[in-house]
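Asks: got a sequence here, can you model it:
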Amino acid sequence: MQSKGRILQDAIELLRRRITEVTFIGCQEVMNYFPMACCKVASMFLARYLVDKEIADPDEIFLVANTSIGQSFHAWLELNNLIVDITIDQFTETKSFVFEIDSTFHKKFKDGMKYKYQDFMLFNDRYERDFEINYSCLIDIQ
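Replies: Numbering: from 1, shown residues only. Alright, predicted model coming up:
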């Protein structure tokens with residue numbers, strides 16, 4: 001049986017591959033620049049995927065967003081005292097997307113707000129419609 005960490009890493013790698021294969025429309029068009037400039041939206045897609053696949057419980061997932069180093073803004077997920085950063089490679093070359101909660105890299109970002117899953121997954125009608133269309137394309141994994 002695979003460890004929870006391995007299952008999480010596999011899910012991230014699968015979703016990252018699918019992100020590069022999908023053309024995003026509407027409110028999530030920024031995803032077409034993945035991993036650049038789309039960390040919040042990519043984290044939201046990942047959170048939804050982890051919940052849908054029962055890899056994580058919604059109560060365990062938080063989005064840390066609006067954090068900055070100078071002019072750079074960033075967002076990531078926190079899950080069971082781990083940082084899950086699906087777009088970290090926009091800043092540094094890496095093969096890992098799961099980090100300890102006291103990650104030196106992530107400590108550089110300041111002023112982040114932490115949002116519960118049920119709060120950061122609330123959308124207006126247009127955003128929700130586009131999110132559902134894009135998410136459906138994303139998870140249509142062959």
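
Asks: give me the buried positions along the helix or strand hosting Arg126.
Replies: Assigned by DSSP states H and E, Arg126 belongs to helix 125-139. Within helix 125-139, the residues that count as buried by 16 or more other C-beta atoms under 10 Å are 130-131, 134-135, 138-139. Bear in mind the C-beta positions are built from the backbone N, C-alpha and C, glycine included.

Asks: cool, stretch 39-54 as well?
Replies: By neighbour count on 16+ other C-beta under 10 Å, the buried set for stretch 39-54 is 39-51.

Asks: pLDDT below threshold where in the protein?
Replies: Within the chain, the segments meeting pLDDT under 70 span 1, 141-142.

Asks: spatially central residue for it, please.
Replies: Ser43 (1.6 Å; C-alpha atoms, centre = their mean).

Asks: tell me the phi and psi of that one?
Replies: Torsion angles at Ser43 (phi, psi; degrees, to the nearest 10) stand at phi -70, psi -40.

Asks: same check on Phe73?
Replies: According to degrees, to the nearest 10, Phe73 has phi -110, psi 150.

Asks: and for Leu79?
Replies: Taking degrees, to the nearest 10 as the convention, Leu79 sits at phi -150, psi 120.

Asks: nearest to Lys107 among the buried residues of stretch 39-54?
Replies: Distance to Lys107, by C-beta to C-beta, is smallest for Cys39 among those, at 16.5 Å.

Asks: circling back: and the helix holding Arg126, how far out from the chain's middle?
Replies: Computed by C-alpha atoms, centre = their mean, to the nearest Å, the chain-centroid distance of helix 125-139 equals 15 Å.
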